[in-house]
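Asker: kindly generate the corresponding structure for this input.
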Amino acid sequence: MILCRTIAELKNELFKIKQSPNHPTIGLVPTMGFLHEGHASLMRQSAAENTASVLSIFVNPMQFGPNEDFERYPRDEARDLAIAKENGIDIVFMPEVKDMYPAKPRTSVIVSQLTERLCGASRPGHFDGVGLVVSKLFHLVQPDRAYFGMKDAQQIAVIQQMTDDLNIPVEIIPCPIVREPDGLALSSRNVYLTAENRQQAVVLSQSLALAKQWAKEPGITSEELVSRVKAKINEAGQAEIDYVEWLTYPSLEQPVWNEPIELEENKYILALAVKFGSTRLIDNALFVPNVVVEVKDHV
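Answerer: Model (predicted):
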């Protein structure tokens, strides 16, 4: 495994790979580090499907708001490198901010409409920063495939739209959410949870599991489903709801609020963002025609 700390080093190593006469394919796993089993599952899938796999570790300042946790975002370089090596990564790209942004960027990559709900509404400008850094990584690595976890389902929808609109020649691979045995979705931010927060946070996956049953009830509306999910989450005394939304996916449009849900005709997402103490967690479940995706995808 090769560690590249600069763009020049990355380009040099990629040039060597691309010189192979065997038409190599390259997979990219973009992360902000502090890796967990969810990231590891993306790495393993990339390693299985490509000749070479690149893992990027970069805490991107452009996607953090002024009152968000950029400085305190968890970092553990030695552990991250060990996990990458164990899971089939060939190149780790770990640049400094000054290398990715030598000066304040004057270019934005804005995907309209898809960014106006969910985390886009709660974190203005967040997806502009995501679009910029992912576009930069796509241009630097030029991967054949890029792997993203479905916990950030809105991010995948935004990146897919950007890729389609700009004709970027990369296949976006959505990968299942990885969960703890009790159902909590793995997240680098889980480390911030107190013991009591952690115990209460399982209400998110419990709510999604109940929703998959409620959504099958004849005549249930989007309004009723969301109301029930909010009531369930509020049973956890420390939960502070940012949003609970039932939308079509990946268009992220709101169905008619008071009409029955049509699981046979549309693909939906039930998306949640809830704070426990100072820690904001997101989770979701996809509902596809005639099939409700299990909340516990795998561990």
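Asker: hey, where'd the strands end up in the stretch 151-299 of the chain?
Answerer: 171-175, 239-248, 268-276, 279-288, 291-292 (DSSP state E, counting those that start in this stretch).
Asker: want to throw those into TSV with mean pLDDT?
Answerer: Output for the strands of the stretch 151-299 of the chain, formatted as TSV (pLDDT from 0 to 100):
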stretch	mean pLDDT
strand 171-175	97
strand 239-248	97
strand 268-276	97
strand 279-288	95
strand 291-292	56
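Asker: quick one: closest of the ones you listed to residue 199.
Answerer: Distance to residue 199, taken as C-beta to C-beta, is lowest for strand 268-276 among the strands of the stretch 151-299 of the chain, at 9.6 Å. All C-beta atoms are positioned from the backbone trio N, CA, C, and that covers glycine.
Asker: circling back to that earlier point, and the strands of the stretch 151-299 of the chain as CSV, adding distance to residue 88?
Answerer: Shown next, in CSV, are these (distance: least, C-beta to C-beta, whole Å):
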stretch, distance to residue 88
strand 171-175, 14
strand 239-248, 35
strand 268-276, 30
strand 279-288, 27
strand 291-292, 30
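Asker: in TSV, list those along with distance to residue 87 and mean neighbour count.
Answerer: Formatted as TSV, the strands of the stretch 151-299 of the chain follow (distance: least, C-beta to C-beta, whole Å; neighbours: other C-beta atoms under 10 Å):
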stretch	distance to residue 87	mean neighbour count
strand 171-175	13	17
strand 239-248	32	18
strand 268-276	28	23
strand 279-288	24	21
strand 291-292	29	14
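Asker: how about those strands, which one is nearest residue 225?
Answerer: strand 239-248 (5.8 Å).
Asker: and the closest one, what does it pack onto?
Answerer: Judged by 3 or more C-beta pairs under 8 Å, 6 or more residues apart in numbering; DSSP states H and E, the packing partners of strand 239-248 are helix 118-122, helix 222-233, strand 268-276.
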